[in-house]
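**Student:** fold the stuff below for me.
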Amino acid sequence: LLVNDNKAVIDEFVSIPNGYNYAISGIPIMRDGQDVHLNKFVKIQGWDSSPLYATWHTFVGLKKNSNSIYVIGMKTSTYNMVATSEAYKKFNKLGMYDVIKLDGGGSFHMNVNGKAVASTYGDRLINNVISFG
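**Tutor:** Numbers count the residues shown, from 1 in each chain. Here you go, the predicted structure:
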């Protein structure tokens, strides 16, 4: 995910292009409105199914023709929400176009307006930190 003052884009980059202020990396879940299959993209980047458990996960997504960045906490129910397309099916219904997954699972905590709205058992905080204000 690359962000400048006026635009956010999710794509594959080797380095941050000029004009972008922030970058976040993650596992792609949706690209151009399509499901990203684990065996086509994620495995060749060195990932396997081991870190993707049925638990809370943090995602960042974009909708087509929108400049808004959506930070989404989702509790998955399948053994591997990438391989089973569980995440794609849920995000497609929300109108998402590009989505990346930021964490490996097992540690999740989300505050909205200063209040905890969801977290993993024991309120573990070993996670990426994203803050919008």
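**Student:** any idea how far the residue lying farthest from the centre of the chain is from residue 10?
**Tutor:** Centroid-distance maximum for the chain: residue 18 at 23.5 Å, with Cα atoms, centre = their mean. From residue 18 over to residue 10 the distance is 18 Å, taken as Cβ to Cβ, to the nearest Å. (Each C-beta comes from the backbone N, C-alpha and C, glycine too.)
**Student:** residue 86 now?
**Tutor:** Where residue 10 is concerned, residue 86 sits at a distance of 19 Å (Cβ to Cβ).
**Student:** ditto for residue 72
**Tutor:** For residue 72, the distance to residue 10 - Cβ to Cβ - is 13 Å.
**Student:** you'd agree the residue farthest from the centre of the chain is in a strand?
**Tutor:** No - secondary structure of residue 18 (DSSP: H, G, I helix; E, B strand; the rest coil): coil, not part of a strand.
**Student:** which stretches in the protein count as helices?
**Tutor:** For the chain, applying DSSP state H gives helices covering 86-93.
**Student:** give me the below-cutoff pLDDT ranges for it.
**Tutor:** 38-54, 79-80, 82, 103-107, 121-133 (pLDDT under 70).
**Student:** what are the ranges of the strands in it?
**Tutor:** In the chain, the segments counted as strands under DSSP state E are 2-3, 8-9, 22-23, 27-31, 34-35, 56-62, 70-75, 98-101, 109-112, 115-119.
**Student:** out of those strands, which gets nearest to residue 81?
**Tutor:** Closest to residue 81 of the strands of the chain is strand 56-62 (Cβ to Cβ; 7.1 Å).
**Student:** now do that closest one: everything it contacts.
**Tutor:** Under the criterion Cβ atoms under 8 Å, 6 or more residues apart in numbering, residues 1, 8-10, 24, 26, 29-30, 68-76, 81, 87, 91, 94, 96-103, 105, 108, 110, 118-120, 127-128, 130 lie in contact with strand 56-62.
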